[in-house]
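Asker: Show me the folded form of this:
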Amino acid sequence: MKRLWNAEEKLRFEREMLAAHAQTVAGVDEAGRGPLAGPVVCAAVIMPLEEGALIVGVDDSKKLKEAERERLAALIKARASAYAVCEESAAVIDEINILEATKRCMKRCVEQLSVSPDVVFTDGNFRIDIDIPQQNIVKGDALSYSIGAASILAKTYRDARMRAYDALYPQYGFAKHKGYGTAAHLAAIEEFGLCEIHRRTFTKKLSAGRENGGRQST
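Answerer: Residues are numbered from 1 along each chain as shown. This next block holds a predicted model:
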């Protein structure tokens, strides 16, 4: 039986901050740390927390079906007090590593918010270089309403980017696997080599020195 959405559970961390006199809470999350190709995408969002403004169903984006994520993303954008979505390319990931690229991307998102939050919730156990109080919440995308909203924005944005890349490099199937290391993706790398958006630090053992710039299928 599917568990009902529980506002008390989703807002526990936010309400702790409100009780400590914070007025605005930003949730920050990423999508795409693990794939072999494409950018890492981060989102920061400040959601109104009054009961009548809550969006039922906001959760860890990985738990939601694609159509539901898209529906919720539209509502989040419409109701958010502020939001920002940023990305770091495969080239940047190769240059500074995925963790540093993620932290840099999250920092940029927070800095681009049109409203300055009193506290920032980040999903995971690492801190970002900002001059705003922050709280790390492991599995925060499932536990915090604000981080869950950010995870949905990051995931839907990245999926759209990978669908666009699929049009440029149709031989890899990016629209289906979004750059993750599926059997079909590995087989495509074996056949076609690497393209421009592949992460070289993630694919060293797969490319066997074969790089062709992602030639188009004929």
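
Asker: How is the protein divided into domains?
Answerer: 7-165, 169-207 (automatic domain parsing).

Asker: Okay, buried residues for the shortest one please.
Answerer: Think domain 169-207. 169, 171-174, 177-179, 181, 185, 188-189, 192-195, 197-199, 202-203, 206 (16 or more other C-beta atoms under 10 Å). In short, each C-beta sits where N, CA and C put it, glycine included.

Asker: same deal with stretch 71-79?
Answerer: Here stretch 71-79 shows Arg71, Leu72, Ala73, Ile76 as buried, counting by 16+ other C-beta under 10 Å.

Asker: The second one belongs to a helix, doesn't it?
Answerer: Yes - the assignment for Leu72, made by DSSP: H, G, I helix; E, B strand; the rest coil, places it in a helix.

Asker: what number of residues lie near the closest residue to it other than its chain neighbours?
Answerer: Take Leu72 and drop its neighbours on the chain: the residue closest to it by C-beta to C-beta, 6 or more residues apart in numbering is Ile152, 5.2 Å away. Residue neighbour count, defined by other C-beta atoms under 10 Å, stands at 32 for Ile152.

Asker: same question, Lys107
Answerer: 18.

Asker: Quick check: the gap between it and Leu113.
Answerer: Computed with C-beta to C-beta, to the nearest Å, the distance linking Lys107 and Leu113 is 11 Å.

Asker: List the buried residues in the one helix or strand Gln135 maps to.
Answerer: Assigned by DSSP states H and E, Gln135 belongs to strand 134-137. For strand 134-137, the neighbour count (16+ other C-beta under 10 Å) marks Gln134, Gln135, Ile137 as buried.

Asker: now those residues in a markdown table, with pLDDT and distance to Ala22?
Answerer: Below are the buried residues of strand 134-137 laid out as a markdown table (pLDDT from 0 to 100; distance: C-beta to C-beta, whole Å):
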| residue | pLDDT | distance to Ala22 |
| --- | --- | --- |
| Gln134 | 97 | 12 |
| Gln135 | 97 | 10 |
| Ile137 | 97 | 15 |
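
Asker: where do the strands sit along this protein?
Answerer: 25-31, 40-46, 82-88, 119-123, 134-137 (DSSP state E).

Asker: Tell me which of these lies nearest to Lys62.
Answerer: Nearest to Lys62, of all those, is strand 25-31, at 9.1 Å by C-beta to C-beta.

Asker: So which bits of the closest one are buried?
Answerer: Val25, Ala26, Gly27, Val28, Asp29, Glu30, Ala31.

Asker: Take those residues and lay them out in CSV including pLDDT and distance to Arg161.
Answerer: Output for the buried residues of strand 25-31, formatted as CSV (pLDDT from 0 to 100; distance: C-beta to C-beta, whole Å):
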residue, pLDDT, distance to Arg161
Val25, 98, 27
Ala26, 98, 22
Gly27, 98, 21
Val28, 98, 19
Asp29, 98, 16
Glu30, 97, 13
Ala31, 98, 10
